[in-house]
Structures are given as structure tokens and as C-alpha cells.
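Enquirer: What follows is a predicted protein model with its sequence.
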Amino acid sequence: MNLKNSVLFASFLILGQLFILTGCAGNPKTRAANDARKSARVTYLSELAVPGCEGEKIKPKGDLKAYVEDQLSHYGFFVDKDEKKILERCKTVGAASNFFTKFWFFRDPDKSTPENEYKNIIDERIADIKNEILFNDMYVAGTRFAPNGGLKGDMAHVYLLRGNNSYKVKTGHLNRLADLMAWVYFDVNQRPLYVFLFYNKGGGYRLFRSHQTMDSYEGLLEVLRELSKFSPVNEEDYREVYNELIRNDPEYIFRFAINRFSYYEDVKLDKVLFPPTPEVITAKMIQPQILGRPDIPSDMKMVFGPRVATILGRFILVYDGNRYTARLVVDVGDIDWEDLGERLSATFDLSIEFTNEETRESKVFYSGLALNMTRKNYENVKGASRPLDLGGLVNHEEGAGINLTISDFIKKLTSGNYSVKIELVNKRTFKSNLWFTKIKVK
Amino acid sequence: MAKLVGFLMFFGLLMLMSVGARAQDVDGADVPEIPDVSGWKTFSGSNISAGLPNFGMYYLGLDITYQNPVDKNEFVRQIRIIVPFVAVKSSKTMDRNSYDAAITYVTDGEERDLLKTGLKESDLILCIRWKIKKDVNRNTDALDGENEIWFFTAFGNRIYSRNRKITVDTLSERPKGRKGRLINVGKKYSLSQEAYYAKELPHSIMIIVSKGLKEGK
């Protein structure tokens, strides 16, 4: 696991250098969505303000102070600024206790069960920290939370919010460079989603937060200054610190973690360490809606082609000197058919996108294709590819060119060279194919 | 060894076969048997998928590398294509900043099951076999001999080749009725201009995606 993950990491490190990531920055939210979110937030905070937690902020004393401090020492990283303001108004232990009951109620991902699965996980992580689970960890043996801030330290902050990760790496005790430790969290695609870098200059491990490239001279010096145990004063000092970094980073993980926090550009350290909201914690309970699944009624009989996801065949645009005609060359045995007894039937979506290679303007011809044949005919002709003339199909896509045949559609295109992308999709089974060709329109 | 394997895995499709040797394409009945990886260890695996910003994830297939348990220097990588599907998600679950903040004990059931099924119900379109050996001079690992490729084109041809470059292109589209940047909707694997296989989200699904994006879902 160690070796494998380090390999994955090294690979993605290099990938990260090579590609400009498109990320997932997202689209602007609509005003309505924003209003709804704000409104939900206001409602949530008002419900959190249980009786006894209204009015002015108070300075807790005695049992109340002990109770609040105990709760915050365990769960403080989960309480955000607004929630803390409400907690600071709680006047009795009972009121503060009710606050936390409500607080966890909103974070219960499955209210149909008696336990709060999310809180249970957090409590398990707290127990891990108290039991010094990393002390015997195969990657970072000897590491303890207690001397590094305990439940309130940076290490605990990460551990409480993200749990134990799949891969960690740690240097030994270094002379000039701070002792380094990185926790790597891979996503489902084995990409480094989060890479937390901790450094210890003698006072315990702290989280490295000032990610920046070491490509520039200034950037390099700044990083080395922050990660040095002693303030480097001349170029020789910097060089020695840098060499120590190189020597102790054979997997390139520390340099990756200095440069960036994640493989993905949209993932930011401060967001990742922000207290998770109730919406985030319970969001995964909403099962995703799946689009693109086969639409085959249980009582429908089918005759399937051999491929699972592909309609094998060839789409051809033929130019006879005057006009283009379209043909689909296909073996009927490679198509999925609805079995209607004596007859077989199949329906397809056909889309043909013409992109002018000069202007990049695209026009789409979109139509439906229905095939019918007798079972006897099917048995006779399957096993050999035959051309189907698609000259009778007309465009259903709204706009200019509606109801035109493929030939007439092409004739209406402005002259030029075109890249053509053809997509054929079986409407029942969603098996499909894509073909690419080029044509010249005079 | 592992470093080279990792390097090959992620750059494999781009550089595995480009060693400068001459192409040795074979098709039809002369294509050798595809390597049987039953009993082999799964060395790595990932989904061929991408995010549709603020909408969900789409999945096109699986990318799996197997290691021969008898000869650990031998690897086979398979690209398998499934019927594409989109998992439309709450924007909260799409935010990678809070990706694993939510507990996962009941999550993404259908999505997960579909991907599991994809291991069996998928079309193998690309298979690459290679071996590695120790490079004593550089104290690292090196490719041992030639790479072999089995490629299944969009037209149904089966091609066997050695030391050839497979190009992987991302297919992108601008959602209908929306200005702004293109979004990734598919992949195209090409051995040459004539020998390729591509898969993308169907037009009918893209209409739904475009509508969802327009309404801010």
C-alpha cells in the first residue's frame, strides 16, 4: 500500500505540473437559490437558539464554564462563528446542553435510527486521538497528538474533520529543515484530494498553510524561511535547507504539498477545514438521480446485440458530385431489438454535428431513426454488414434547418471545411456509437 | 519498480508505445488472443468519469491495471466502456472541499452498484500489456521489451499493435443555450485517424444537463 500510494502520488504530481486543470469552479447560483440558502440558515440558527441561549453574551463561570469548555475542547472545530455566538449567550448548563442536543440533531444524517451516525464517527475519532492511534501507525510511527496541541492542535483539527487517511509520510529528525509530515487523502480516482503538510520546528507539528510555488527565487526563499529551524541568513544556509528538503523527499510529496494543497484547483485548505455545515453532513443522504439508464419495461422481450455499450457499425457521408447522402453500415445482429413476436423493432436518436473548421460555428442535425424487420429477415441477414440509406430522415432540432433532410441540411451550410461528429443512440438500451469524419461544403 | 509502473499507468496511453519502433499492426483473424487476466491482482483502478459543474458526475467506463501474480513485472491495463450515465447530485456532495465530510455509510447506492456492474457489463476497447525490468545503471526500472496493444475500434475492427501511441482526447461541448466555457462530455481513444473509439454523453442527456445548468438546478 505504501509503495503503491507513493507511486500514485508521484504520477499525479507530475500530471499536476503538466495539465492546466479545468476544475469545477461551478456556475453562478441563481438569486432564488441564494435566498433559499440564506433563509434556511436563518431558520437553522433561530432553532439553535434554544430557550436560555438568547439575549446578551455572558461570561460563563463555574459549572457552565467547565461544561462549555469541555464541549468545545472536543467539538470546537465543528462549531462555526455564528453558532459560537449563540452558545456564548447560554446562561445555564441545561441551556448549553440543549444547544448541543439541537446542534447534533441537525447533523444526524439518518433520523430514522436512534443513534447519530455522524456524531458517533466524531466521537470515535476523539477516542483515537486520546488513545494516540498514530503512535503505532505504520507510516508515522511514534507520532503523538498530545505534544502537538492535543485535541486543539492542527493535527487533531485535520483528524477530527477528515479521519484517518490512507497514506502518510514523515521525515526523521532533521538538522536545518523542520521535521515534516504529510497526510495524503486520495479520492475515488486515486488522485490526491487533500495533502496536509505539517512541520515541526521544535514546538510541535503545525499545519503548513502558505502554499506557493517554489519555481520563483522569491517563492523558494520564502518557503525555505518558513520551513527552517534556524533563520537562514545567506545563500549557503538556504542551499543547505533546500538540499535537506530534496534528500528527505524522495517521493516528491513534500514539494507537492508546499506547492499546492490538492490535485484539484477548486479544493482549498481553509474550506476543507471549515466546520462542516448540517447540509454538508446530511447531503449524501439524498440519493443521486441517475440519467441514462436503459428504459426496458419488465414485460418487454429484447434481442440484444453482442456488445454491452456499443452499436458497432459505420456511418458514411457520400458525395456524388452534387449532394451528400448518409448511410449507416451495420450488421442487424449488432443492434438491440425489441422483440414483438414476428417482427423486431429498434429506435434510435441520431445527431450529426457539423462544425465549421474556420469559424468553429456548429450546427446540429437531430433526428429519430426507427427500424423494423421481420424475424425471418433478421435471421437471414444477420452476420453481414449492410448499408441503410438515411436519406429520408429529417431534422427535428428547432431553429434554422428544421424538417430538412441530411442532404438539404448540408446544402444549407455555409461553404467551408467541416468536422462532422455523428452519434447514434439506441433509445431503449442507450448503447451508442460515435463517428467522426470531415466534409467540404461548396 | 513501483515508480515506473505508476508512471506508465498514468502516462501510459500517451507514451507507453512511443519508443520509436515501427508500427506492427495486425487485424482480423491474425490478432493474438487478448491476455487473460483472471486470477491476476488488481494493481490499480479508476472510473473514467468527470464532473458536470454544479450538476453531477458522469461515468463512461473503467480503467484498470492488473498485475500478474506469478510474474510481478508483467502488467495489463484495460479500458472498459459502459453505457454512460449521469448521477445528478446535490451541489453539496459535488463540493470536493466537503467531499468526505459527510459520512458515507448509505451513500450513492445506485451509482456505486452501476459501477460495480460495469466490471462485468462493459466493452473492452483497449488492452495494453507490458513488462518492466531493473535498470542497473540508473538504479530504476525500465520497460522490458515491447508493449502490446489490443484495440477495438468504433467500426468493430480488432487491431493488434506494438509500440504505437494511443492518443486520448477529451470531447467537450458547450451546453445548449449557455454561453461560456465548454464542459467535458466524453473521451476519444485513437490509434490513428481511422482507428478510434469514442464515447460521450448522449445528445438527449446533454439536453437535460443543459436545462439543469440553465435553471441552476
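Expert: Looks like it came in fine. Numbers count the residues shown, from 1 in each chain, chains lettered A, B, ... in the order given.
Enquirer: mind checking the SS state of the nearest residue to B:V31 once chain neighbours are set aside?
Expert: Nearest residue to B:V31 in three dimensions, chain neighbours excluded: B:Y160, at 4.3 Å (C-beta to C-beta, 6 or more residues apart in numbering or on different chains). To be clear about C-beta, it is placed using only N, CA and C from the backbone, and glycine gets the same treatment. Put simply, B:Y160 is strand when judged by DSSP: H, G, I helix; E, B strand; the rest coil.
Enquirer: now do A:G52
Expert: Under three-state DSSP, A:G52 falls in the coil class.
Enquirer: now it: how far from A:K91?
Expert: Going from A:G52 to A:K91 by C-beta to C-beta, to the nearest Å gives 5 Å.
Enquirer: what residue ranges in the stretch 101-250 of chain A score low on pLDDT?
Expert: A:166, A:188-190 (pLDDT under 70).
Enquirer: Would you confirm that A:G383 contacts A:G333?
Expert: Yes. Judged on C-beta atoms under 8 Å, A:G383 makes contact with A:G333 at a distance of 5.8 Å.
Enquirer: Looking at these two, which one has more neighbours?
Expert: A:G333 (17 against 10; other C-beta atoms under 10 Å in any protein chain shown).
Enquirer: Identify the residues contacting the closest residue to A:L207 other than its chain neighbours.
Expert: Excluding its sequence neighbours, the residue lying closest to A:L207 (C-beta to C-beta, 6+ apart) is A:D154, at 4.0 Å. Counting by C-beta atoms under 8 Å, 6 or more residues apart in numbering or on different chains, A:D154 touches A:148, A:198, A:205-207.
Enquirer: Show me which of the residues you listed is closest to chain B.
Expert: A:L207 (15.8 Å; C-beta to the nearest C-beta).
Enquirer: and the closest one, how many residues sit next to it?
Expert: By other C-beta under 10 Å, neighbour count at A:L207 equals 16.
Enquirer: on that earlier part again, please produce a markdown table containing the contacts of A:D154, extended by secondary structure.
Expert: A markdown table is the format used below for these (three-state DSSP):
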| residue | secondary structure |
| --- | --- |
| A:N148 | helix |
| A:F198 | strand |
| A:Y205 | strand |
| A:R206 | strand |
| A:L207 | strand |
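Enquirer: Please convert those residues to JSON lines, extending it with distance to A:R323.
Expert: Output for the contacts of A:D154, formatted as JSON lines (distance: C-beta to C-beta, whole Å):
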{"residue": "A:N148", "distance to A:R323": "76"}
{"residue": "A:F198", "distance to A:R323": "69"}
{"residue": "A:Y205", "distance to A:R323": "73"}
{"residue": "A:R206", "distance to A:R323": "72"}
{"residue": "A:L207", "distance to A:R323": "67"}
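Enquirer: okay, and the helix or strand of chain B with the least pLDDT?
Expert: helix B:2-15 (a mean of 40; mean pLDDT, DSSP states H and E).
Enquirer: what pLDDT, on average, does the helix or strand following it get?
Expert: Downstream of helix B:2-15, the next assigned helix or strand under DSSP states H and E is strand B:26-27. Averaged across strand B:26-27, pLDDT comes to 76.
Enquirer: Can you give the distance from the very next helix or strand once past strand B:26-27 to the centre of its chain?
Expert: The helix or strand immediately downstream of strand B:26-27 is strand B:41-52, counting by DSSP H and E. Distance of strand B:41-52 from the chain centroid (C-alpha atoms, centre = their mean, to the nearest Å) equals 7 Å.
Enquirer: can you map out the strands along chain A?
Expert: A:167-170, A:179-186, A:192-200, A:205-207, A:289-291, A:302-303, A:314-319, A:324-330, A:337-339, A:343-356, A:362-374, A:386-389, A:416-426, A:432-441 (DSSP state E).
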